[in-house]
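**Q** Give me coordinates for this.
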Amino acid sequence: MALTMKTHRLRVKTIGGAPPGPRFRSQEVPATELNQGSMSLRSLLLSSDDETVRILRRVLSDLEISVEHCRASESAVRQLTRQRFESIIVDCSNLEEARSVLRSAKASPGNNRAVAIVLVDSSVGLRGGFDMGAHFVLHKPLTRERARSSFRAVRALMKRERRRQVRVAVQVPVECRGFGSAITYRGKTLDLCEGGMAVQFVGRVVKESSFRFSLELPGLGAKLELEGELAWDGGRNEGGVRFKNMNEEQHIALRHWLNNQLPEPEQDDPPVACRLSDLSLGGCYLETNSPFPAGTRITLSLKTGDFQAQAGGVVRIMHPEFGMGVEFIQTTALQRDHVRQMIDTLRANGEKSPELMVEPDGLEPIADPGQPAWSAPETEDTLVELFRNKSQVSVEAFLQQLRQQRHVTEAK
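**A** Okay, the predicted model is just below:
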């Protein structure tokens, strides 16, 4: 292992009847949908290969994921307009059909955050699959063992993404002020989820697109002072706010409050076990058969004896069925302390590094995996630079450069 050191439960006043707000906000999931069991996870599969379909049906059934199978892109696109899916699986035997379905999923309000899985042969390759916008790329021909390993990470991400979009109907006062504006808007929330909220404003039409706002949720004990941007305008002084720039404490508080409102919160999948191969002050490379895609926010945890450490990170580079490069999130003093505790523990164990457990915290909306998922500063950390700059090279070329960097570091 190379060390690159250069560098109880609350009663909430809710709105009865149908979920509030205009119908086109269908990308949000009502809380009641979360209590239908794991089998409510749904995948859309486009493939005309009978053997591929047979293997995936078996694997996904074992993982309690239902499958809507389509042989043609027209029927798949039709399903995307009628149903919600947590994942979209396309077979690239017909490239144009595969691209058409992925484009339709991205344009669908109910499916634009679905996890995209692309099945490729040697003529398309891994890079071709990722260039199509895939989160996961699997080589054909598939085997049950390889598919099961990859879909373990897929299912964990599917569940986490769905939970991020679950909304809870709640009415509490909210006050907003536009950036650089003295105008204050008042209103009430209609519903709330981890990613944002629906608001009904009072008295005046909102003109700004970005806000600072505050609200106090029942039982939380303190006001949430957050930033957001107007994501949609529903008329009748209703609007949707997308949260942004939330710090760790705010994120944890909001998630905890939302979980307490659900009668039977859905359990996350067990974390994925990983082996640490390279470590620096800014990130680490983890070997695992079930890596998460670039742009996934993750939580790393390790336990040695009675001591346990956790740190947050973002996957910057992913190699299917092999591993992933993670950049630590260190935007706050608390996050930096968590990273330091983890690094100190790993260094103290030397070559007997304990097993790291990784669980997803949701996908970041990143168009280019080579760009930071947050406002990250420039770095002289050579391992992180490798993650940022080598996302386009082949797995073999990346691993060769990783080994070369490791030898240089060990020599120093």
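
**Q** drop to CA atoms for contacts and neighbour counts, all remaining ones
**A** Will do.

**Q** Check the gap between Ile55 and Leu279 for me.
**A** Distance from Ile55 to Leu279, counting by C-alpha to C-alpha, to the nearest Å: 37 Å.

**Q** So those two - more neighbours on which side?
**A** Using other C-alpha atoms under 10 Å as the criterion, Ile55 and Leu279 rank with Leu279 on top: 23 against 17.

**Q** Show me the beta-bridge partners of the more buried one.
**A** Leu3, Cys284 (DSSP bridges).

**Q** can you list the domains in the protein?
**A** Taking automatic domain parsing as the reference, the chain has its domains at 36-163, 170-261, 272-411.

**Q** Take those domains and lay them out in JSON lines including mean pLDDT.
**A** Listed next are these as JSON lines, based on pLDDT from 0 to 100:
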{"stretch": "domain 36-163", "mean pLDDT": "91"}
{"stretch": "domain 170-261", "mean pLDDT": "83"}
{"stretch": "domain 272-411", "mean pLDDT": "82"}
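
**Q** dump the residue contacts of the residue nearest to Leu254 when sequence neighbours are not counted.
**A** Counting by C-alpha to C-alpha, 6 or more residues apart in numbering, Glu194 is the residue found nearest to Leu254 once chain neighbours are left out, at 6.8 Å. Going by C-alpha atoms under 8 Å, 6 or more residues apart in numbering, Glu194 touches 164-167, 251, 254-255, 258.

**Q** Same question for His139.
**A** Neighbouring residues of His139 by C-alpha under 8 Å, 6+ apart: 119-122, 125-126.

**Q** Just the buried subset of the residues you listed, please.
**A** Listed as buried from the contacts of His139 are 119-121, 126; burial here means 16 or more other C-alpha atoms under 10 Å.

**Q** Mind checking which of those are in strands?
**A** 119-120 (DSSP state E).

**Q** List the beta-bridge partners for Ala116.
**A** Beta-bridge pairing for Ala116 (DSSP bridges): Ile88.

**Q** What distance do you get for it to Thr81?
**A** Distance check for Ala116 against Thr81: by C-alpha to C-alpha, it reads 16 Å.

**Q** who's more crowded, these two?
**A** Ala116 (25 against 15).

**Q** thought that one was touching Phe85?
**A** No - here Ala116 does not reach Phe85: they are 10.4 Å apart, not a contact under C-alpha atoms under 8 Å.

**Q** Which residue is the nearest non-sequential neighbour of Arg177?
**A** Counting by C-alpha to C-alpha, 6+ apart, Thr184 is the residue found nearest to Arg177 once chain neighbours are left out, at 4.8 Å.

**Q** Now the one you found, what are its backbone angles?
**A** Dihedral angles of Thr184 (phi, psi; degrees, to the nearest 10) stand at phi -110, psi 130.

**Q** Distance of it relative to His256?
**A** Separation of Thr184 from His256 (C-alpha to C-alpha): 29 Å.

**Q** same deal with Ile117?
**A** According to C-alpha to C-alpha, Ile117 and His256 sit 30 Å apart.

**Q** between those two, who's got more neighbours?
**A** Higher neighbour count among Ile117 and His256: Ile117, with 25 against 13, using other C-alpha under 10 Å.

**Q** All the strands of the stretch 201-350 of the chain, in order from the start?
**A** 210-215, 224-235, 238-244, 272-280, 283-287, 296-304, 307-319, 323-328 (DSSP state E, counting those that start in this stretch).

**Q** scratch that, the stretch 51-200 of the chain
**A** Under DSSP E, counting those that start in this stretch, the stretch 51-200 of the chain gives strands at 66-70, 87-91, 115-120, 136-139, 166-169, 173-178, 184-193, 196-202.

**Q** quick one: which of these is nearest Ala105?
**A** Nearest to Ala105, of all the strands of the stretch 51-200 of the chain, is strand 87-91, at 7.8 Å by C-alpha to C-alpha.

**Q** CA atoms of the closest one as CSV?
**A** Output of strand 87-91 as CSV, limited to C-alpha atoms (Å, rounded to 0.1, in the frame of the first residue of the first chain):
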residue,chain,number,x,y,z
SER,A,87,-32.6,1.6,-13.6
ILE,A,88,-32.5,1.5,-17.4
ILE,A,89,-30.5,-1.4,-19.0
VAL,A,90,-29.8,-1.2,-22.7
ASP,A,91,-28.1,-3.8,-24.9
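
**Q** Distance from it to the middle of the chain?
**A** Here strand 87-91 is found 17 Å from its chain centre; the criterion is C-alpha atoms, centre = their mean, to the nearest Å.

**Q** List of residues touching it?
**A** Applying C-alpha under 8 Å, 6+ apart, the contact partners of strand 87-91 are 42-48, 98, 101-102, 105, 114-120, 158.

**Q** Same check on stretch 172-189?
**A** When contacts are defined by C-alpha under 8 Å, 6+ apart, stretch 172-189 is touched by residues 170-171, 197-204, 206, 208-217.

**Q** Next: stretch 146-154.
**A** Applying C-alpha under 8 Å, 6+ apart, the contact partners of stretch 146-154 are 56, 59-60, 63, 115, 136, 138, 272, 289-292, 320-321.

**Q** switch to 6 Å and redo it
**A** 59, 290 (C-alpha atoms under 6 Å, 6 or more residues apart in numbering).

**Q** Could you check how far that stretch is from the centre of its chain?
**A** 16 Å.

**Q** ok so, going back, now render the strands of the stretch 201-350 of the chain as a markdown table, adding distance to Thr382.
**A** Putting the strands of the stretch 201-350 of the chain into a markdown table (distance: least, C-alpha to C-alpha, whole Å) gives the following:
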| stretch | distance to Thr382 |
| --- | --- |
| strand 210-215 | 36 |
| strand 224-235 | 33 |
| strand 238-244 | 29 |
| strand 272-280 | 8 |
| strand 283-287 | 10 |
| strand 296-304 | 21 |
| strand 307-319 | 14 |
| strand 323-328 | 12 |
